[in-house]
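> sequence and predicted structure are below.
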Amino acid sequence: MKETPLSNCERDFLLRAIEEKKRLDGRQTYDYRKLKITFGTDYGCCFVDLGQTRVMAQVSCELVAPKENRPTEGILFFNIELSPMASPSFEQGRQSELSVKLNRQLERCLRNSKCIDTESLCVVSGEKVWQVRVDVHTLNNDGNLMDAASVAAITALCHFRRPDVAIQGEEVTVFSPEERDPIPLSVYHMPISVSFAFFQQGTFLLVDPCEREERVMDGLLMIAMNKHREICSIQSSGGIMLLKDQVMRCSKIASVKVSEITELISQALLNDKAARKAGGKCGFAESMPQDRITALKMDQTDVEMTNVSQTGSGMILQGDEAPPPTVPSPVVPVPGVGQVGQGLQSWGLEEEEDDDEEEESSGDDQVEEVTQIKLSEKDKKEAAVVEISDSEEEEVVILYPETTEKSKNSGSRSDQKGAAASKKRQKK
């Protein structure tokens, strides 16, 4: 899969920013990205993060026959694998022009500079020697893969331990790490590559270019140097003509960067050695912070929280006042109407109660009718008369005003007078 080309607007923006001595990530012209070195659980495993560029180096060894022209020297082998995980433009299992270029540069930087004592890798002259293999895997590509690969490779070689061997006659015994302590490699110096990007035919110079800056650059200069200010290799690409003063200025900048990176590598090796000796946790998984998912990190933005805290405290003070108690309004049940409350259904209960009330009321009505038949006409006038309509839901009660004792006495007297008058008439 081909990489997405930059648009003209992006290209013009990058070139204009470089002319104004500005970079996309906020660095200055000669600033290096943040370099982080971590080690795996086994010896010889190293992870290097250069900004967002991530590289892993793994060192292994095996006993092989030496070369015919160098029977007393071991073999160093380097391999760089560009994984599609690092960039969509990389293809699996196929060597591209970039991978061949990086392999050759890494071999010139580490093997041709004689930074490793290859004679100490000989076990039996002309028969058995140690072949040390360095595999570099690119995990993410954000530019300047060569610098990250060189740091990872030399750090992994310094961290690696080969098994101890013993020779008895023609027999060669290889001891495991449990039987004998592994032996580190003899490292003379640490060559480290520093890359310089040139723009507009060498007019502008940048150190440690990122992936977008590599797309618009006109040329690239890679200088491999150790802390003793010895140039191990130098390579220029891009077809630009560089002056002597430009190369000398780049070499001076590289010497400063190499000394800083060498000190960082030495400190990382000492920290890992102390952690393993103390029996503490070590490895790549332990170096990953637990409060984030990925290794990418964005700088935190400062936010003024004074007004927010004052407003929040005021809201808390206002919220401390308890609200006035609310009394729920009583609910009066109406006959024949169902109510649902407290999560239970009471329709059936209301209907059963209504049926019981109707039966009781019908029984009372029958008793009242029987009593009304037995009463005399005189008692009917004084007693209350209850009229029962056809509807069972409506009951009409008529109450007559009670007569006082005085009215009863006057009524009895008038009856007596009337009776006496009637007797007199009959006599006449």
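Nice, thanks for sending it over.
> domain parsing of this structure, as residue ranges.
The chain breaks down into these domains under automatic domain parsing: 8-190+255-287, 350-421.
> including mean neighbour count and mean pLDDT, could these go into CSV?
Any C-beta I mention is one placed from the backbone N, CA and C, and that applies to glycine too. Output for the domains of the chain, formatted as CSV (neighbours: other CB atoms under 10 Å; pLDDT from 0 to 100):
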stretch, mean neighbour count, mean pLDDT
domain 8-190+255-287, 17, 90
domain 350-421, 10, 52
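> tell me which other helices or strands the helix or strand hosting Glu62 touches.
Here Glu62, judged by DSSP states H and E, is contained in strand 53-64. Secondary structure elements in contact with strand 53-64, counted by 3 or more CB pairs under 8 Å, 6 or more residues apart in numbering; DSSP states H and E, are strand 45-50, strand 128-140, helix 145-159.
> I'd like to know which of the ones you listed is closest to Glu260.
Across the helices and strands packed on strand 53-64, Glu260 has its closest neighbour in helix 145-159 (11.5 Å, CB to CB).
> give me the next element, helix or strand, following the closest one.
Per DSSP H and E, the first helix or strand lying C-terminal to helix 145-159 is strand 161-162.
> redo the domains of the chain as TSV? Include distance to Gly219.
Formatted as TSV, the domains of the chain follow (distance: least, CB to CB, whole Å):
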stretch	distance to Gly219
domain 8-190+255-287	14
domain 350-421	95
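> for Met217, find the nearest of these.
So among these, domain 8-190+255-287 is nearest, using CB to CB, at 9.2 Å.
> Asp208: which of the domains of the chain is closest?
Between Asp208 and those, the tightest spacing by CB to CB is seen for domain 8-190+255-287, at 4.9 Å.
> and stretch 20-31, end to end?
15 Å (CA to CA, to the nearest Å).
> show residues contacting it.
Applying CB atoms under 8 Å, 6 or more residues apart in numbering, the contact partners of stretch 20-31 are Leu14, Ala17, Arg33, Gly51, Leu205, Leu206, Val207, Asp208, Cys210, Arg212, Glu213, Ile253.
> from Pro84, how far off is the third one?
Arg33 sits 23 Å away from Pro84, going by CB to CB, to the nearest Å.
> among the domains of the chain, which comes closest to Met241?
Using CB to CB, the nearest of the domains of the chain to Met241 is domain 8-190+255-287, at 19.5 Å.
> and Leu110, that's in a helix?
Yes. Under DSSP: H, G, I helix; E, B strand; the rest coil, Leu110 sits within a helix.
> does it really touch Thr155, like I thought?
No. Assessed by CB atoms under 8 Å, Leu110 is found out of contact with Thr155, at 11.4 Å.
> what sits closest to Val207 if chain neighbours are left out?
Among residues not flanking Val207 along the chain, Tyr30 sits closest, at 4.9 Å (CB to CB, 6 or more residues apart in numbering).
> that older thread, now for the domains of the chain, which one comes closest to Ile234?
In terms of CB to CB, the element of the domains of the chain nearest to Ile234 is domain 8-190+255-287, at 9.2 Å.
> what segments of the stretch 101-250 of the chain are helices?
145-159, 211-216, 244-278 (DSSP state H, counting those that start in this stretch).
> can you redo those helices as CSV with distance to Gly44?
As requested, the helices of the stretch 101-250 of the chain are exported to CSV (distance: least, CB to CB, whole Å):
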stretch, distance to Gly44
helix 145-159, 5
helix 211-216, 28
helix 244-278, 12
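> compare those and give me the one nearest Arg229.
So among the helices of the stretch 101-250 of the chain, helix 244-278 is nearest, using CB to CB, at 5.0 Å.
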